[in-house]
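[1] how would this look folded up:
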Amino acid sequence: MKNINSKRALNRMFWTLLIGYALIVLVVAVFQRRLIYFPQRFSPAVAEQLASQNGFAPWRSRSGQIIGWKMAARGISRGSVLVTHGNAGCAAERSYLAKPIHDALTLDVYVLEYPGYGAREGSPGMKSFLAAGDEALAGLPKELPVYLVSESIGAGVVAHLAKTQPSRIKGLAMLVPYDDLASVGQASLPFLPVKLVMLDRFQPARWLEDFRGPAIVVLAGADEVVPMKYGRRLFDGYRGPKEIQIVPGAHHNEVAEQSPEWWKEVFTFWQQNVPRQN
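    The predicted model follows:
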């Protein structure tokens, strides 16, 4: 009798644990985008005020919608820099990324705002981010070279642009990037089947397989958000001209702000390795 009761108790425990685990997986699957995207939201007036305080002017699409913020080149522009920011905050606060580039180079700097961030309508997600990137690139002057700069999750957007429109892209700089977002998510929650349920499968390493433009990768040695090995995998697999910089002891949010002098060196590297036209 005791054996039967013990088996029943073990059975109940097994099914209780299994159902509990399944519920956890279900909750993570349903609310996964809330675990990935952390947008700051503002009214249009507040967003414009914040952007203006940070030295930005509105960047509008052909339809007149604000799709980001820009800093116009001082003098005759030599090209455009499109910046795709990380998964938190908003574009209007990315002056720490844009201003050093603007101060260093005679380039127009555009910081893309993602759908669902700042005052921009829409919802965060891979599909909306990639569509926003396509729209942004289409709106840049076609007679000027375009350089792409990404921060964290933004690596997925620039990699996709380099894959789909390689002839327009003359150089990349990826700050704390990753090779595959699902792999990063799986490492963060190793006890859950993240790769099975993940919806937004940004795959920079795969999308850059055929791109041969010059690329700079900057990694944080103590990155607590995107472990350094995932950015290293992206760099190691990249087949074009490339350079890597690892900042020892730096955390995820401590490498995006670089000096104007550093950006001058990046631009020199880009120019010395202009991709050949197919």
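[2] chain center to whichever helix or strand Trp15 is part of: distance?
    Trp15 belongs to helix 2-30 when elements are defined using DSSP states H and E. Relative to the chain's own centre, helix 2-30 is displaced by 39 Å; criterion: C-alpha atoms, centre = their mean, to the nearest Å.
[3] helices or strands up against that helix?
    With contacts taken as 3 or more C-beta pairs under 8 Å, 6 or more residues apart in numbering; DSSP states H and E, helix 2-30 sits against helix 194-197. No exception for glycine: its C-beta is placed from N, CA and C like everyone else's.
[4] Average pLDDT for the following helix or strand past the helix it packs on, rounded please.
    Moving toward the C-terminus from helix 194-197, the next helix or strand (DSSP H and E) is helix 204-207. On average, the pLDDT along helix 204-207 is 98.
[5] Who are the packing partners of helix 204-207?
    For helix 204-207, where contacts count as 3+ C-beta pairs under 8 Å, 6+ apart, the packed elements are helix 155-164, helix 228-237.
[6] Deepest-packed of these, please.
    Each of these was scored by mean neighbour count; the highest is helix 155-164, a mean of 24, by mean count of other C-beta atoms under 10 Å.
[7] just checking, next helix/strand downstream of that helix?
    Next along from helix 155-164, by DSSP H and E: strand 169-175.
[8] Is Tyr110 in a helix, a strand, or coil?
    Look at Tyr110: counting by DSSP: H, G, I helix; E, B strand; the rest coil, its state is strand.
[9] wait, doesn't it sit right on Val81?
    Yes: Tyr110 lies in contact with Val81 (C-beta atoms under 8 Å); the separation is 6.8 Å.
[10] what's the span of stretch 196-207, first residue to last?
    Stretch 196-207 stretches 20 Å from its first residue to its last (C-alpha to C-alpha, to the nearest Å).
[11] mind listing what's buried in that stretch?
    Using 16 or more other C-beta atoms under 10 Å as the burial criterion, the residues of stretch 196-207 that qualify are 198, 200, 202-205, 207.
[12] Redo those residues as TSV? Include distance to Leu148.
    Conversion of those to TSV gives the following (distance: C-beta to C-beta, whole Å):
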residue	distance to Leu148
Met198	24
Asp200	19
Phe202	15
Gln203	16
Pro204	11
Ala205	16
Trp207	12
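[13] now, which of the residues you listed sits nearest Leu105?
    Of all the buried residues of stretch 196-207, the one with the least separation from Leu105 (C-beta to C-beta) is Pro204, at 24.3 Å.
[14] hey, C-alpha coordinates of whatever helix or strand Val218 lives in in PDB?
    Val218 is part of strand 215-220, with elements assigned from DSSP H and E. Backbone C-alpha positions of strand 215-220 (Å, rounded to 0.1, in the frame of the first residue of the first chain) are rendered in PDB as follows:
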ATOM      1  CA  ALA A 215      33.600  46.200 -40.500                       C
ATOM      2  CA  ILE A 216      34.700  47.400 -37.000                       C
ATOM      3  CA  VAL A 217      33.500  45.400 -34.000                       C
ATOM      4  CA  VAL A 218      33.800  46.700 -30.400                       C
ATOM      5  CA  LEU A 219      33.200  44.300 -27.500                       C
ATOM      6  CA  ALA A 220      32.900  44.800 -23.800                       C
END
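[15] picking that back up, what element comes up after the helix holding Trp15 heading to the C-terminus?
    Using DSSP H and E, the helix or strand that directly follows helix 2-30 along the chain is helix 32-36.
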